[in-house]
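Asks: Give the three-dimensional model of this entry:
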Amino acid sequence: MNPSIRIAIIGGGLAGASLLHSLIKFSHLDVHIFESASAFKEAGMAIGIARNAQAALALIGPSAAQCLDRAGAVPMRGVRFMLAQGEGAGTMADEVDDVVQGKRLTSIVHRAALLQELLADIPQNRMHASKKLQKVDQGGHVTLYFADGTTHECDVLVGADGIHSTVRKLVLGENDPAASPQNTGAWFLMTLQPFDKAQASMGKELIDIEDAREYGWAGQNAFLMHNILSGGQLVQFAIASNDKEADPGSLDQWHRNVGAEEIRKLHQDWPTYLNKAVNELLCNQSANKALYLWNHPDARSYVSGPICITGDAAHSTTPWQGSGGGMSIEDSLILSTLLGRAKTPAEALIALKVYDQVRRPRTQRVVGSSRITGTILTGNNKDMGLDPKKLQSFMSKWDFIVDIDMEIHRDEALQMMEAEVKGERVI
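Replies: Numbering: from 1, shown residues only. Model prediction:
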């Protein structure tokens, strides 16, 4: 019997949980996950799990695919890109419809609910909370030192520790320009509202569980998105804008206060029914805490020896194309497939190299595409503005994300690994 390969995952969010869920089925892998917080939990807005990520979940296994339904995910019949200002104000510029396409586009799920389901059947002795990583030593193996004085030895360390990743700095070096994220200058504010209240404010035409769709409204330096989640119990609203006057590189804050008057001013020239909804649902307190949108510069590698990064630790992106969570799930499929194929710690190192070669180009393309998409959604793209004719094929910007064949993507990674193991260098 082959000896176990010991794998430690740092970070108990969606990236870490989906990877653990994917690896736990391999009997020769001794996998443990470490979370710095006192409990495994997620925060933040609901996320879209598009068909590429749904395909990845299905390939990970039936239990992973079932997590979406158990978490209360609501399948969207489509996505509509609407104009809130300009000559097309109140009209639809572009649309993706799952009936027309003949295939499912996306489902909306709350992060916390999905995380809970991914971890529901994981043995408790594999999950370790209140474990803040302080130091890593590499000798014949990797030794992790935690703030509580405990240690853990492993053959492979996976950093799934998010945008503030400690492990990313280990991979790239603390002084590497790409080791830390950058503030884009854009911010967003999110609220969850009871379904009935949201429908009463916006109308059944826009909020309808029987015809559930995600809507995005583009205005001048303002964006509004709404979708249905939690089995139709809640509606998520998110507004976003950009601090044009500030130098993005000089912004070091993670949050900013947004007053009700600022929100009203951003949307004052929008159609009356949208203006009304913004006032009723987002201006009911004098100040709100908004989150600045940060992303990572492209890393030269996601791997250094026995250490790698995944999810937001590897390629934190802005949410304009709603693909950050999906990329984490794709990462988990590819990385777990390769590590599951590895029979020795030496082969596990090959798995990490192949993972980097397969995943880095795609995920970094998503980060760059999302950044450009944000300028379009907030009316700040100089080439397109809010021109209905120029925006009528806007939704095609998602094609390269959602139309990937995940089975082929996985098999190509496996073929690369098989070649490397045989000594046929491909990377």
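
Asks: Relative to Arg70, how far out is His296?
Replies: 31 Å (Cβ to Cβ, to the nearest Å). For every residue, glycine as well, the C-beta is placed using N, CA and C.

Asks: Output stretch 309-321 as CSV - backbone C-alpha positions only.
Replies: Once non-C-alpha atoms are left out, stretch 309-321 reads as follows in CSV (Å, rounded to 0.1, in the frame of the first residue of the first chain):
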residue,chain,number,x,y,z
ILE,A,309,-2.6,28.8,-3.7
THR,A,310,-6.2,28.5,-4.9
GLY,A,311,-9.4,30.5,-5.1
ASP,A,312,-9.1,34.2,-4.0
ALA,A,313,-5.6,33.6,-2.6
ALA,A,314,-4.5,32.9,-6.2
HIS,A,315,-6.7,35.1,-8.3
SER,A,316,-8.9,37.4,-6.3
THR,A,317,-11.2,39.2,-8.7
THR,A,318,-13.8,41.9,-8.8
PRO,A,319,-17.4,40.6,-8.8
TRP,A,320,-18.5,42.3,-12.1
GLN,A,321,-18.7,38.9,-13.9
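
Asks: Use 6 as the first number from now on
Replies: With 6 as the first residue, the last one maps to stretch 314-326.

Asks: as a whole number, average confidence for it?
Replies: The average pLDDT for stretch 314-326 rounds to 97.

Asks: just stretch 394-406 next, same as before
Replies: Stretch 394-406 carries an average pLDDT of 95.

Asks: How about stretch 63-83?
Replies: On average, stretch 63-83 scores 93.

Asks: buried stuff in stretch 364-377?
Replies: Within stretch 364-377, the residues that count as buried by 16 or more other Cβ atoms under 10 Å are 364-365, 367-369, 371-372, 374-376.

Asks: Cross those residues against helices and list the overlap.
Replies: Members of the buried residues of stretch 364-377 lying in helices (criterion: DSSP state H): 364-365, 367-369, 371-372, 374-376.

Asks: between those, which is nearest Tyr220?
Replies: Closest approach between those and Tyr220, by Cβ to Cβ: Ser375, at 18.6 Å.

Asks: Listing request: residues of the stretch 156-305 of the chain with sub-threshold pLDDT.
Replies: Counting by pLDDT under 70, the ranges of the stretch 156-305 of the chain that qualify are 250-256.

Asks: show me where it has strands.
Replies: Secondary structure of the stretch 156-305 of the chain (DSSP state E, counting those that start in this stretch): strands at 156-159, 161-164, 187-199, 218-224, 227-234, 239-247, 260-264, 292-300.
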